[in-house]
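[1] Got a predicted structure plus its sequence, pasted below:
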Amino acid sequence: MSAIFDRLTRLFEYGHTRDLDDLLTDSRFADADRTADAAVLIAVTEQPRPTVLLTQRPRTMRDHPGQVAFPGGKLDHGETAVEAALREAWEELAIAPEQVRLIGTTDRYQTGTGFDITPVLATVPHDLPIRPDPREVESWFECPLDKLMDAQLWQRNSVFWQGAQRDYLEMDHDGYRIWGVTAAICWNLSRRVAWFD
């Protein structure tokens with residue numbers, strides 16, 4: 001067992017014993033005619049200062065083009081969220097399922113574009129040989145977990161979208177803009193995993 005895996009597991013399990021009423025969601029913007037179940041892998045590297053693996057989606061993609069994202073996508077017929085997250089991580093970054101140490105699924109996030117996303121938290125070795133698929137990944141990078149879990153580092157912004165004012169979070173990391181769905185999933189996870197306590 002690694003210290004990071006043990007600590008995250010302990011915090012994750014404790015964090016999910018509490019009821020939280022301030023988790024972020026875009027459910028009020030969701031298109032009921034276009035919904036799909038999806039899953040993402042929050043892959044935390046096992047090292048003294050753990051990082052999270054993130055991708056930038058190609059600008060040619062139909063949904064969320066050019067945005068920073070976790071490896072993930074729609075569930076195939078009969079798949080669980082965990083199975084889909086592992087499959088997508090393999091397809092996008094060549095992360096072999098046997099290299100992934102699962103911790104658990106956390107709060108689902110409903111997007112305004114109609115996806116009902118289940119985030120899957122796990123750890124991976126810090127020296128994985130990442131091989132991005134250029135059809136699904138424009139680039140990939142690592143962001144320190146403690147940065148993503150720090151509420152003080154997120155900027156709060158607002159935009160008028162689909163007839164209503166929408167608040168969102170964003171953060172810059174080495175020239176990458178982390179915002180929207182990915183930022184909201186990070187924020188919700190930070191409410192469950194009290195990294196700084």
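    That came through fine. Numbering: from 1, shown residues only.

[2] what number of residues lie near residue 169?
    Neighbour count of residue 169, defined by other CB atoms under 10 Å: 19. Placement of C-beta: from N, CA and C, glycine included.

[3] Is it correct that residue 49 is in contact with residue 143?
    No. Residue 49 lies out of contact with residue 143 (CB atoms under 8 Å); the separation is 11.1 Å.

[4] quick one, which of those two is more surrounded?
    The neighbour comparison of residue 49 against residue 143 (other CB under 10 Å) goes to residue 143, with 19 against 11.

[5] check contacts around that one.
    51-52, 54, 173-174, 176, 178 (CB atoms under 8 Å, 6 or more residues apart in numbering).

[6] and those, which of them are in strands?
    Within those, residues falling in strands by DSSP state E are 51-52, 54, 173, 176, 178.

[7] Dump these to JSON lines, plus pLDDT, distance to residue 9 and neighbour count.
    Listed next are those as JSON lines, based on pLDDT from 0 to 100; distance: CB to CB, whole Å; neighbours: other CB atoms under 10 Å:
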{"residue": "51", "pLDDT": "97", "distance to residue 9": "18", "neighbour count": "19"}
{"residue": "52", "pLDDT": "98", "distance to residue 9": "16", "neighbour count": "24"}
{"residue": "54", "pLDDT": "98", "distance to residue 9": "22", "neighbour count": "22"}
{"residue": "173", "pLDDT": "96", "distance to residue 9": "25", "neighbour count": "16"}
{"residue": "176", "pLDDT": "95", "distance to residue 9": "28", "neighbour count": "17"}
{"residue": "178", "pLDDT": "96", "distance to residue 9": "24", "neighbour count": "23"}
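
[8] between those residues, which is closest to residue 19?
    Nearest to residue 19 among these: residue 52, at 25.7 Å, using CB to CB.

[9] show me the contacts for the closest one.
    42-45, 70, 142-145, 148.

[10] Could you export the helix-or-strand element of the chain with minimal mean pLDDT as PDB, CA atoms only?
    The weakest-scoring helix or strand in the chain, judged by mean pLDDT, DSSP states H and E, is strand 155-161 (a mean of 81). Output of strand 155-161 as PDB, limited to C-alpha atoms (Å, rounded to 0.1, in the frame of the first residue of the first chain):
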ATOM      1  CA  GLN A 155     -11.600  32.000  -9.200                       C
ATOM      2  CA  ARG A 156     -15.400  32.500  -9.200                       C
ATOM      3  CA  ASN A 157     -16.900  33.900 -12.400                       C
ATOM      4  CA  SER A 158     -20.300  34.300 -13.900                       C
ATOM      5  CA  VAL A 159     -21.800  34.300 -17.400                       C
ATOM      6  CA  PHE A 160     -25.200  34.700 -18.900                       C
ATOM      7  CA  TRP A 161     -26.000  31.400 -20.600                       C
END
